[in-house]
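A.B. asks: Next come a sequence and a model predicted from it.
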Amino acid sequence: MSLFRLDASLRVEGSHSRALADFVEEEWRGSHPQDPIVRRDLGRNPLPSTAWASAVWASRTPPESRTGEQEAALVLPAELTEELLAANEMLFAIPLFNFGVSQHFKAWVDLVVTDSRMAAGKEPPLEGTPAVLVAVRGGAYGPGTPRDGWDHATGWYRRILGDVWRLDLEVVEEELTNFGVNPALDQFEDLALKNRREAEDRARQLGRDLGVSTQQTSVG
């Protein structure tokens, strides 16, 4: 069994998405002490900004007509796709940046779908793979808040991972992570701490569930 873990936070120390993902990983590791974890850290090692355009044009060129440069452009998408196809479970930790999708994660998705195995119209080869999405937001964006509807990222992550790739997706979310950083959120201390506790508990539970589900699959 193996776990694929992707992180998109620009921060390491103080990153709430990484911290929650660590809880998931810790619980998963308890059931799989010797099994490998494949890591893709887009925050510390972002993909080249020109890689997607090169891969798109290369993928649309018939194999017999591709140049050496075009063939090389398809190596990275193939590598990213192989990491996914080789995994038995997946963990994605992605913060909200400026109300939208992390550009590093978007670039990763765009590259993956240039691989012929993940192309639009194909039956998704990842269908049914257990996965956890950790989504964190600095402020509050739920119903009734002043910024209700300003989170333009989490829904997109669900669409790609759950609806398009058809992963067996569970989500843990934490809001108000900028409490203690943004003075405007000081008044929401109790709510922020409650959100944190609940998110940590859910992360641990989802990590245990991942471990159990894969054990059952291997036995079956």
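C.D. replies: Arrived safely, thanks for sending. Residues are numbered from 1 along each chain as shown.
A.B. asks: Just give the number of residues close to E173.
C.D. replies: 19 (other C-beta atoms under 10 Å). Every residue, glycine included, has its C-beta placed from N, CA and C.
A.B. asks: And the helices in the protein, which stretches?
C.D. replies: Secondary structure of the chain, counting by DSSP state H: helices at 16-31, 51-59, 68-73, 75-85, 103-112, 154-158, 189-219.
A.B. asks: what's the model's confidence in the second one, averaged?
C.D. replies: Helix 51-59 shows a mean pLDDT of 94.
A.B. asks: heads up, I number from 42, so please use that
C.D. replies: All right, first residue 42 from here; so that's helix 92-100.
A.B. asks: Mind telling me which residue is nearest the centre of the protein?
C.D. replies: Centroid check for the chain by C-alpha atoms, centre = their mean gives F133 as the closest residue, at 2.6 Å.
A.B. asks: Am I right that that one is in contact with V177?
C.D. replies: No. Using C-beta atoms under 8 Å, F133 is not in contact with V177, being 11.7 Å away.
A.B. asks: so R81 touches L47, yeah?
C.D. replies: Yes. In this structure R81 lies within contact range of L47 using C-beta under 8 Å: 4.6 Å.
A.B. asks: Mutual contacts of the two, please.
C.D. replies: Any residue near both R81 and L47 by C-beta atoms under 8 Å, 6 or more residues apart in numbering counts here, and that gives W149.
A.B. asks: tell me what the worst-scoring helix or strand of the chain on mean pLDDT is packed against?
C.D. replies: One helix or strand of the chain scores below all others by mean pLDDT, DSSP states H and E: helix 230-260, with a mean of 82. Judged by 3 or more C-beta pairs under 8 Å, 6 or more residues apart in numbering; DSSP states H and E, the packing partners of helix 230-260 are helix 57-72, strand 130-136, strand 171-177, strand 209-215.
A.B. asks: As JSON lines, the ones you listed with mean pLDDT and distance to L121 would be great.
C.D. replies: Below are the helices and strands packed on helix 230-260 laid out as JSON lines (pLDDT from 0 to 100; distance: least, C-beta to C-beta, whole Å):
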{"stretch": "helix 57-72", "mean pLDDT": "96", "distance to L121": "19"}
{"stretch": "strand 130-136", "mean pLDDT": "97", "distance to L121": "13"}
{"stretch": "strand 171-177", "mean pLDDT": "97", "distance to L121": "16"}
{"stretch": "strand 209-215", "mean pLDDT": "95", "distance to L121": "19"}
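A.B. asks: Fine by me, thanks again.
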